[in-house]
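S.K.: A predicted structure for the sequence below; I have some questions about it.
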Amino acid sequence: MQFIKAIAAVAIAVAAVNASATVITFDDIGIPGGVNPNSTMTGFVTNGLRFSNNLAVVDVSATSDWASYGPAYSGNYSVVNDYFGDFVITKEHGGTFNFGGTAVKSWDSVPPALAAGTLKAYAGGALLGSISFVNSNQWQFLNANFIGADKVVISAGTALIDNFTINPVPEPETYAMLLAGLGLMGAVARRRNKR
């Protein structure tokens with residue numbers, strides 16, 4: 001009986017590992033006082049995600065040249081877009097991800113006519129979901145929870161994003177191996193009980 005409890009505990013632990021979210025704060029790829037990759041905004045890749053060519057990671061801490069855009073939602077770095085360009089985020093080598101949400105705010109004074117923002121997630125070109133928001137100089141976290149997205153597009157005028165949150169999509173073979181292993185362990189436990 002203790003053996004079965006141990007198997008159940010392992011299964012729960014494995015499920016918990018698969019359920020943990022990845023929060024991308026951009027602090028690990030930022031350049032103190034500067035812009036990464038460079039001031040020409042050529043885009044970047046981090047955590048297996050490709051951020052479009054009109055984006056860059058900027059230091060918005062109190063001592064940087066970009067301090068007037070800060071502070072960051074967390075840490076010292078955020079992602080900035082060019083003027084009114086969309087944030088487009090995809091998997092680096094294709095595939096899908098579960099998008100949990102992101103923090104967003106304006107880096108410039110936003111006239112009311114331009115303050116409307118949208119966050120959209122797509123899968124194979126089809127719209128999975130959309131969130132409308134008002135872009136302002138205050139951080140707001142947009143809880144999305146879009147499952148199986150292959151592209152996220154944020155249209156928000158002059159904006160910063162931070163704490164981009166994703167959950168990995170479990171591979172089917174992972175669950176198949178887990179179930180096969182649990183079945184095998186159950187068969188071994190039953191066989192021991194019969195002896």
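M.R.: On my side now, so go ahead.
S.K.: quick one, strands of the protein?
M.R.: For the chain, the strands defined by DSSP state E cover 22-24, 35-36, 44-46, 49-51, 55-59, 77-81, 87-91, 97-106, 116-123, 126-134, 140-149, 151-155, 159-167.
S.K.: gap between the first one and the chain center?
M.R.: I take that to be strand 22-24. 5 Å (CA atoms, centre = their mean, to the nearest Å).
S.K.: over to the fifth one?
M.R.: When distances are taken as CA atoms, centre = their mean, strand 55-59 is centred 16 Å away from the chain's centroid.
S.K.: what's it packed up against?
M.R.: Counting contacts by 3 or more CB pairs under 8 Å, 6 or more residues apart in numbering; DSSP states H and E, strand 55-59 packs against strand 35-36, strand 44-46, strand 77-81. Heads up, the C-betas are built off the backbone N, CA and C, glycines and all.
S.K.: mind redoing it with 7 Å?
M.R.: Packing contacts for strand 55-59, counted by 3 or more CB pairs under 7 Å, 6 or more residues apart in numbering; DSSP states H and E, involve strand 35-36, strand 77-81.
S.K.: of those strands, which is nearest L182?
M.R.: strand 77-81 (41.3 Å; CB to CB).
S.K.: pull the distance from the closest one to the chain's centre.
M.R.: For strand 77-81, the distance to the chain centre is 14 Å (CA atoms, centre = their mean).
S.K.: can you tell me what sits against it?
M.R.: For strand 77-81, contacts defined as CB atoms under 7 Å, 6 or more residues apart in numbering pick out 26-27, 30, 51, 54-60, 69, 72, 87, 107, 159-162.
S.K.: show the buried residues in the residues you listed.
M.R.: By neighbour count, with 16 or more other CB atoms under 10 Å, the contacts of strand 77-81 hold 26, 30, 51, 54-60, 69, 72, 87, 107, 159-162 as buried.
S.K.: buried set for the longest helix seen in the chain?
M.R.: Identified as the longest helix of the chain according to DSSP state H is helix 172-194. Using 16+ other CB under 10 Å as the test for burial, helix 172-194 gives L178, L182, M185.
S.K.: kindly report the same for stretch 23-34.
M.R.: So for stretch 23-34, counting by 16+ other CB under 10 Å, buried means V23, I24, T25, F26, I29, G30.
S.K.: please save the CA atoms from it in PDB.
M.R.: Taking C-alpha atoms only, stretch 23-34 is exported to PDB below (Å, rounded to 0.1, in the frame of the first residue of the first chain):
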ATOM      1  CA  VAL A  23       7.600  34.400 -16.100                       C
ATOM      2  CA  ILE A  24       9.900  36.300 -18.400                       C
ATOM      3  CA  THR A  25      11.100  39.400 -16.700                       C
ATOM      4  CA  PHE A  26      13.800  40.200 -19.300                       C
ATOM      5  CA  ASP A  27      16.300  41.000 -16.500                       C
ATOM      6  CA  ASP A  28      18.600  38.100 -17.600                       C
ATOM      7  CA  ILE A  29      19.100  39.600 -21.100                       C
ATOM      8  CA  GLY A  30      19.100  43.300 -20.400                       C
ATOM      9  CA  ILE A  31      22.200  45.500 -20.700                       C
ATOM     10  CA  PRO A  32      22.700  47.800 -17.700                       C
ATOM     11  CA  GLY A  33      22.000  51.400 -18.800                       C
ATOM     12  CA  GLY A  34      21.300  50.300 -22.400                       C
END
